[in-house]
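> Mind looking at a prediction? Sequence and model below.
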Amino acid sequence: MDSQKPETKNDEIDLGQLFARIGDAFGRMGTGFIRFLATLRRVPFENKTSFTLIILGSILLGVTFTFFIRKNYYESKMILSSDYLNKRLAESTIDKLDALSREEDKRGLSKTLGLADSLARNIISFDVRPFVDEKDVIDTEVLKEQLRAAKTDNPAVIAQILERIEIENRHAFEITVRTLTPSVIPNLQEAIVGYFKRNPYIAKRIDINKENLVLKKKKLATDIAKLDSLKSAIYESYRQTGDSRGLNTVFVTDKPGTNTVDVYNKDLSIYSEYQDVTRDLYLQKDFEIVDGFTEFSEPASPSLAVMLAYSILIGILVAYFDVALRNFNTYLANLK
């Protein structure tokens, strides 16, 4: 038992020394950081001429670039929604337009979008990103699967919750366009939508969807006509028989009765569906512009003040690099 006590004491001493060394290390790091800041502060004063000339030169280059080399550009965003679009298809399509816009000869872009050459020459670039973060979509689907797998005595409640858990605009994408003149921007809205619609994958689905809607509209119109005939027969039956039992049951044939309330409710339901189909055919909801391009008068390119701030920052960094390079060169010379 006595032989174990010194070992415990030694262990405690070793831990104390360890913490002391860690504290010393942090202290040296703090001191080194303060010395580094002091060096950064001292260097410009010791090399005033070098810093002044380099920063002035950087400012002059920034002003020259702003007024004589750089071209102002205008930027606008459009939010386009379609059930046919996914992240890969949207990015692939817009990337092709972006590649065409960066070509020296804009004839390919002009032909692809169906624009005049004069308009295509003013387009600088395109960009696209999902309006809804993909991680949110995945998290929502995982939550739905967990709810479906949940054990409950009331599955109807789960079904109602699943119907309500839906991310709006999950198939929407934000498309950005940059042009040299703002007057080009309004012409691009329909051109981009038309380019998406001409995609063979999408075009086939638009055609079949439209055909299905037309057929469904005809079928609903036929059902409405039949129900109207049935309602007329029911009304005529009541008028002739003067049934005093109400509208709950009526016999118009030798077969069991027809519930008139159900007939009228079904007619209203089918007519509502008919209106929805008619609206979808009219609106052509295959591609919906949630928020269109806006023609801004102010350029999106950095202003003169921002360019001067960048120029000064770059000048300071270059000046520090110049001083460090000259000191390193002096150090190498002394080694000889």
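Everything's here; your move. Numbers count the residues shown, from 1 in each chain.
> Which SSE is immediately downstream of the worst-scoring helix or strand of the chain on mean pLDDT?
Here the helix or strand of the chain ranked lowest by mean pLDDT, DSSP states H and E is helix 155-164, holding a mean of 59. As assigned by DSSP states H and E, the chain's next helix or strand after helix 155-164 is strand 172-179.
> CA-only coordinates of that following strand, as PDB, when you get a sec.
Output in PDB follows, covering the C-alpha atoms of strand 172-179 (Å, rounded to 0.1, in the frame of the first residue of the first chain):
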ATOM      1  CA  ALA A 172     -38.800  26.500 -58.900                       C
ATOM      2  CA  PHE A 173     -35.400  27.800 -60.000                       C
ATOM      3  CA  GLU A 174     -33.900  31.300 -59.800                       C
ATOM      4  CA  ILE A 175     -32.300  32.200 -63.200                       C
ATOM      5  CA  THR A 176     -29.900  35.200 -63.300                       C
ATOM      6  CA  VAL A 177     -28.900  37.000 -66.500                       C
ATOM      7  CA  ARG A 178     -26.300  39.700 -66.900                       C
ATOM      8  CA  THR A 179     -26.300  42.100 -69.900                       C
END
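> That one - contacts with which helices or strands?
In terms of contacts (3 or more Cβ pairs under 8 Å, 6 or more residues apart in numbering; DSSP states H and E), strand 172-179 is packed against strand 74-81, strand 123-130, helix 185-197. Where C-beta positions appear, they are placed from N, C-alpha and C, glycine not excepted.
> what angle do it and strand 123-130 make?
Going by axes from the mean of the first three to the mean of the last three Cα atoms, to 10 degrees, strand 172-179 is angled at 160 degrees with respect to strand 123-130.
> Strand 172-179 vs strand 74-81, what angle?
Strand 172-179 and strand 74-81 meet at an angle of 160 degrees, taking the same axes, to 10 degrees as the criterion.
> related to what we said a few turns ago, okay if I get the helices and strands packed on strand 172-179 as JSON lines plus distance to residue 206 and mean neighbour count?
JSON lines is the format used below for the helices and strands packed on strand 172-179 (distance: least, Cβ to Cβ, whole Å; neighbours: other Cβ atoms under 10 Å):
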{"stretch": "strand 74-81", "distance to residue 206": "14", "mean neighbour count": "19"}
{"stretch": "strand 123-130", "distance to residue 206": "20", "mean neighbour count": "19"}
{"stretch": "helix 185-197", "distance to residue 206": "6", "mean neighbour count": "18"}
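> So which of those is nearest residue 90?
strand 123-130 (5.4 Å; Cβ to Cβ).
> circling back to that earlier point, Throw the helices and strands packed on strand 172-179 into CSV and include mean pLDDT and distance to residue 286, thanks.
Shown next, in CSV, are the helices and strands packed on strand 172-179 (pLDDT from 0 to 100; distance: least, Cβ to Cβ, whole Å):
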stretch, mean pLDDT, distance to residue 286
strand 74-81, 91, 10
strand 123-130, 92, 18
helix 185-197, 90, 7
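> want to throw the ones you listed into JSON lines with distance to residue 281?
Compiled in JSON lines, the helices and strands packed on strand 172-179 are given as follows (distance: least, Cβ to Cβ, whole Å):
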{"stretch": "strand 74-81", "distance to residue 281": "18"}
{"stretch": "strand 123-130", "distance to residue 281": "28"}
{"stretch": "helix 185-197", "distance to residue 281": "16"}
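> how far out from the middle of the chain is stretch 222-235?
For stretch 222-235, the distance from its own C-alpha centre to the chain's C-alpha centre is 49 Å (Cα atoms, centre = their mean, to the nearest Å).
> got it, and stretch 42-59?
Between the centre of stretch 42-59 and the centre of its host chain there is 44 Å, according to Cα atoms, centre = their mean.
> go on, stretch 223-243?
54 Å.
> cool, and stretch 91-98?
Distance, centroid of stretch 91-98 to centroid of chain: 15 Å (Cα atoms, centre = their mean).
> Residue 178 pairs with what?
Counting by DSSP bridges, residue 178 forms beta bridges with residue 75, residue 125.
> what's next to stretch 99-118, contact-wise?
Stretch 99-118 has contacts (Cβ atoms under 8 Å, 6 or more residues apart in numbering) with 96-97, 119-121, 123-126, 187-188, 191-192, 194-195.
> quick one: low-confidence parts of the stretch 51-200 of the chain?
69, 133-170 (pLDDT under 70).
> continuing past the helix or strand harbouring residue 20, what's the next helix or strand?
Assessed by DSSP H and E, residue 20 sits inside helix 4-46. For helix 4-46, the following helix or strand on the C-terminal side (DSSP H and E) is helix 48-64.
> List the buried residues in that next one.
50-51, 54-55, 58-59, 62 (16 or more other Cβ atoms under 10 Å).
> Identify the farthest-apart pair in the contacts of stretch 99-118.
124 and 194 (20.6 Å).
> quick one on the thing from earlier: identify, from the buried residues of helix 48-64, the entry nearest to residue 75.
Checking those against residue 75 by Cβ to Cβ gives residue 62 as the nearest, at 21.3 Å.
> Okay then, goodbye and thanks.
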